[in-house]
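> Following is a predicted model, sequence given first.
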Amino acid sequence: MRDLYQILGVDRTATSDEVKKAYRRLAMKFHPDRTDNDPKKSEKFKDISAAFDVLGDPEKRKMYDEFGELATRPGFDPEQARQYAHAREASGGGFHWNGDQGSSVHSTDDFLKFIFGDMFGGGGSQAGFDDLGAGGGFGSGGGGFGFGATGRGRDLLQTLTLDFLQAIRGDQIEIHLRYQDRCPTCGGRGGRRGAGNCPACGGQGTQIIDRTLKVRIPPGADDGRKMRIRHQGTAAAAGGSPGDLVLTIRVQPHPFFTRKDRDVLVTVPITIEKALNGTKLKLETPLGKTIRLTVPAGSQQGTQLRVPGHGMQGNASQPAGDFIITLKIQLPPRITPALAEAARLLSEDVTLELPGQMQYVD
Ligand SMILES: [Zn+2]
């Protein structure tokens, strides 16, 4: 795996705004819609999305800075990783975390077993993770290696990346969860006295849980919004209730559409001739409906056409927004004597009201 900062072309010191901008620029350049699904560019788009999934999330970025690529693997637990590093340092093992030396970390089998359990000893497969960029389950709450003897299970934190139109329309999404949890067979005890080890977990008391969950994403989800799904976190000790699953929604930029509050905006180029004489524009709204809009004769640069209710969809707390098309007059790339004459004609009846004391000096 290449350095995520390199993939986005930003410094390790980049602000979250700079990271976002870099991602946006690259995502627009390599978006499959813009590259005719060129396989190499689509691959690059995936890398870019995966890098932003981590660096665009302050919590995950912190983990990545501290632990490198390992932190992006499913089931990674920062507390265990720190404990392990601490133990190695204390025994003179000369253990280093920083990204440059990350490769030496990966080859340490016992380390991987410690962090992820035996399943990951062979080198950490990421199989089972979906295309939505749902990240690794960074645990939180009363965790630690023993999962706490009593009380509630831990919350699982996960990022859910939606594409722009999914966020607008809402969607039903399958989320793959993969995390270390108390063994469901022995309840975390590892076995019974005199009865040997639990066959399900080999006496460790923990297992990697792999499961799929269907989640309904309501229409109009905002970037950064958190959704709490009750009782879908890790199991609790006997008598306690499970933790929750907390999803942080990330909305990917769209090649053409942008959002302002509840409205969705797009800029459409138009020739002077069509702006002056009027035309019709056929288009698909963000809701997927094909419509024809009249561009009135005499439309100006910046004229806005509005399709009510076709922006972000409404939800319990907010009304639906509009889809707004802004016209941008495109001038010819070269001027010819005939065009210069036409431009003079076009300007004859135009009265300019310049602000303040401004004037054109020919
Ligand atoms: Zn067990």
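Thanks, I have the structure now.

> Got the domain ranges for the chain?
Domain assignment for the chain by automatic domain parsing gives 117-145+154-254, 258-333.

> most packed of those domains?
domain 117-145+154-254 (a mean of 17; mean count of other C-beta atoms under 10 Å). Where you see a C-beta, it was placed from the backbone N, CA and C, and this is true even at glycine.

> ok, then the element right after the helix or strand where K46 lies?
If you go by DSSP states H and E, K46 is part of helix 39-55. Once the chain leaves helix 39-55, the next helix or strand it forms, by DSSP H and E, is helix 58-67.

> Determine how far that following helix lies from the middle of the whole chain.
Relative to the chain's own centre, helix 58-67 is displaced by 15 Å; criterion: C-alpha atoms, centre = their mean, to the nearest Å.

> Packing partners of it?
For helix 58-67, the packing partners by 3 or more C-beta pairs under 8 Å, 6 or more residues apart in numbering; DSSP states H and E come out as helix 39-55, helix 78-90, strand 138-140.

> Let's test this: mean pLDDT of the shortest one, rounded?
Model confidence over strand 138-140 averages 34 on the pLDDT scale.

> and the closest residue to V295 other than its chain neighbours, how far is that from L339?
Once flanking residues are discounted, V295 sits nearest to T279: 4.8 Å by C-beta to C-beta, 6 or more residues apart in numbering. Per C-beta to C-beta, to the nearest Å, T279 is found 21 Å from L339.

> At which residues are the helices of the chain located?
Per DSSP state H, the chain carries helices over the ranges 4-8, 16-30, 39-55, 58-67, 78-90, 102-106, 109-116, 164-169, 272-277, 337-347.

> and the longest one, what does it pack onto?
Right, helix 39-55. helix 4-8, helix 16-30, helix 58-67, strand 155-162.

> and what of the first one?
With contacts defined as 3+ C-beta pairs under 8 Å, 6+ apart, helix 4-8 has these neighbours: helix 16-30, helix 39-55.

> possible to save those as CSV with mean neighbour count?
CSV is the format used below for the helices and strands packed on helix 4-8 (neighbours: other C-beta atoms under 10 Å):
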stretch, mean neighbour count
helix 16-30, 16
helix 39-55, 19
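
> one step back: going by mean pLDDT, which of the helices and strands packed on helix 58-67 comes out lowest?
Minimum mean pLDDT among the helices and strands packed on helix 58-67: strand 138-140, a mean of 34.

> ok, and the closest non-adjacent residue to V10?
Nearest to V10 is A22, by C-beta to C-beta, 6+ apart, at 4.8 Å.

> on that earlier part again, for L247, find the nearest of the helices and strands packed on helix 39-55.
strand 155-162 (4.7 Å; C-beta to C-beta).

> got the angle for the closest one vs helix 39-55?
Strand 155-162 runs at 140 degrees relative to helix 39-55, counting by axes from the mean of the first three to the mean of the last three C-alpha atoms, to 10 degrees.

> tell me the mean pLDDT for strand 155-162?
The average pLDDT for strand 155-162 rounds to 92.

> Likewise for stretch 175-183?
90.

> does the ion sit close to it?
Yes - residues of stretch 175-183 contacting the ion under C-beta under 5 Å from the ion: C183.

> Could you verify my assumption that the residue nearest to V295 touches G298?
No - the pair T279 / G298 is not scored as a contact, 11.8 Å apart, by C-beta atoms under 8 Å.

> and the stretch 51-200 of the chain, which of its residues are near the ion?
Residues of the stretch 51-200 of the chain lying near the ion (C-beta under 5 Å from the ion): 183, 185-186, 198, 200.

> which parts of the stretch 201-350 of the chain sit against the ion?
Within the stretch 201-350 of the chain, the positions lying close to the ion (C-beta under 5 Å from the ion) are C201.

> what about 6 Å?
201, 205 (C-beta under 6 Å from the ion).

> Contacts only, for the closest residue to the ion within the stretch 201-350 of the chain.
Nearest residue of the stretch 201-350 of the chain to the ion: C201, at 3.3 Å (C-beta to the ion). Counting by C-beta atoms under 8 Å, 6 or more residues apart in numbering, C201 touches 183, 185-186, 190, 207.

> Which members of these are the farthest-apart pair?
G190 and Q207 (11.2 Å).

> tell me, what's touching the two both at once?
By the contact definition C-beta under 8 Å, 6+ apart, G190 and Q207 are jointly contacted by 183, 201.

> Any regions of the chain where pLDDT drops low?
1, 73-75, 77, 79-80, 82-150, 238 (pLDDT under 70).

> Any chance of the helices and strands packed on helix 39-55 in JSON lines with distance to L327 as columns?
Shown next, in JSON lines, are the helices and strands packed on helix 39-55 (distance: least, C-beta to C-beta, whole Å):
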{"stretch": "helix 4-8", "distance to L327": "33"}
{"stretch": "helix 16-30", "distance to L327": "21"}
{"stretch": "helix 58-67", "distance to L327": "38"}
{"stretch": "strand 155-162", "distance to L327": "29"}
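
> and I270, which of these is closest to it?
helix 16-30 (21.4 Å).

> residue contacts, G298?
275-276, 278.

> likewise G288?
165, 169.

> neighbours around R2, how many?
9 (other C-beta atoms under 10 Å).
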